[in-house]
Structures are given as C-alpha cells and as structure tokens.
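Colleague: Sequence unavailable; structure follows:
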C-alpha cells in the first residue's frame, strides 16, 4: 500500500508501479485536492479507478440527487448563499435538514431546523465546526425515520454489497444502476410510514465502515479484476 502526502512533493511512498490500478482510501478530499491526487497518479503511470468526475458524482449531492428524486427526500441546492432565509420560507416545509454539498452538522443541535430564520445560526455553526462550506448549501425536506434502521451498502462496478452478505434491498439495487461511479456507498433507512428511503450517497473511497468490519469491506474486492 502506498501513501501520498499532500505537502507539495506529490510523491507516493513506496512508488506506484506503472500500469497498476489505484484505489484511494482516506479522508474526504475537496474536488481540487482529489484532482491533484489524480494528476499525481497519472504522472506515476498508474490508473486511478475513480476519476475526479466519478468522485464528485457520488461525493456532491447536486450530482446524485437528480438521479434519485423520488427515492430520497426532496432537496434544493443553493450555490449562492445570499437570501437563504427567504428561500427556505418559500419552500413551505415544516422542517429542514441542512448540509453543504457533502456533509451535515453532527455536533451541537445538529442540522435540522424548523424555522427559516434559524438558518443563519446553523450556517455559522457549520463554518465553525467544519471549517468551510463545501460547494454550497443543500436543503432537504425533513422526513421522520425509524430509529436504528439506517444501513450502509457499498456498490462496486454496479454490484451492491451488504455487510452481512444478505440479499440487497430493491431500493439499493435501483440506486446501483443510476450512479456513474465505480465505487460508492449507499445509506438507506425506513421512514416512519414503512417506506425505505435513500439517506445519503457517498464516494466509497472516503466512506466510513459504518456497520462493516474490515474483513467484510475486503470481501467487496475479493473478485475485483484489475483494469
């Protein structure tokens, strides 16, 4: 396994072998940082399995939401952050789940607000605890979910995998065929009315092993063929 330091030297230690396929595994990267990584892989003569375009296809919600509308809460994304309170008031929802293009706020009071005028305070907390607002803001209509039903799956080359090896649910199979990425995660949960919903899509390289052991994660790659 090679490591890559984003410190300006753009070298892998140990060096990559020309022609080998590379899978990134580490912290979430911005689009610019991932492109830097992709350029370094190419310069080493290796092949990055997930291109920068494919990375953002799963990593940024505005890219995957239009493909899954109807399977996930209604979502509106804003790249211009001025006038957010008025925008939220115009939606007419009872509650709002707010995140940037990548993540929600899991500290303090969390990412759910019930009044549009609370958006300013929430945005301030997001910048404080996350350090930046990546891309813009996505506002999702809040849907009550049954506790302890959220489950993570991984999709590799269009094939969906469950941590326990059980049959993958229909909604995950549907998602597996719609996202243009060779490796991504899918989180689903059951709504209070019993309907399964997509909670989140993420690039599989930067997704935590929530509910998975390292051995189960390795099994996803057991029959992978080099490209």
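Modeller: Perfect, thanks for sending it. On a predicted model such as this, the values are computed, not experimentally measured, just so you know.

Colleague: show me the contacts for the residue nearest to residue 199 when sequence neighbours are not counted.
Modeller: Leaving out its chain neighbours, the residue that sits closest to residue 199 by Cβ to Cβ, 6 or more residues apart in numbering is residue 187, at 4.3 Å. In this view, the C-beta of every residue, glycine as well, is placed from N, C-alpha and C. By Cβ atoms under 8 Å, 6 or more residues apart in numbering, the contact set of residue 187 is 150-153, 198-202, 210.

Colleague: again with residue 172
Modeller: 153, 155, 160, 186, 188.

Colleague: Distance check, the residue nearest the centre of the chain against residue 101.
Modeller: Centroid-nearest residue in the chain, with Cα atoms, centre = their mean: residue 202, separated by 2.2 Å. Between residue 202 and residue 101 the computed distance is 12 Å (Cβ to Cβ, to the nearest Å).

Colleague: Repeat that for residue 125.
Modeller: Using Cβ to Cβ, residue 125 is found at 17 Å from residue 101.

Colleague: So for the two, which sits in the more crowded spot?
Modeller: Set side by side, residue 125 and residue 101 show more neighbours around residue 101, with 20 against 16, by other Cβ atoms under 10 Å.

Colleague: secondary structure element for the nearest residue to residue 26 once chain neighbours are set aside?
Modeller: Excluding the flanking residues, the one nearest residue 26 by Cβ to Cβ, 6+ apart is residue 206, at 6.8 Å. Applying DSSP states H and E as the criterion places residue 206 outside every helix and strand.
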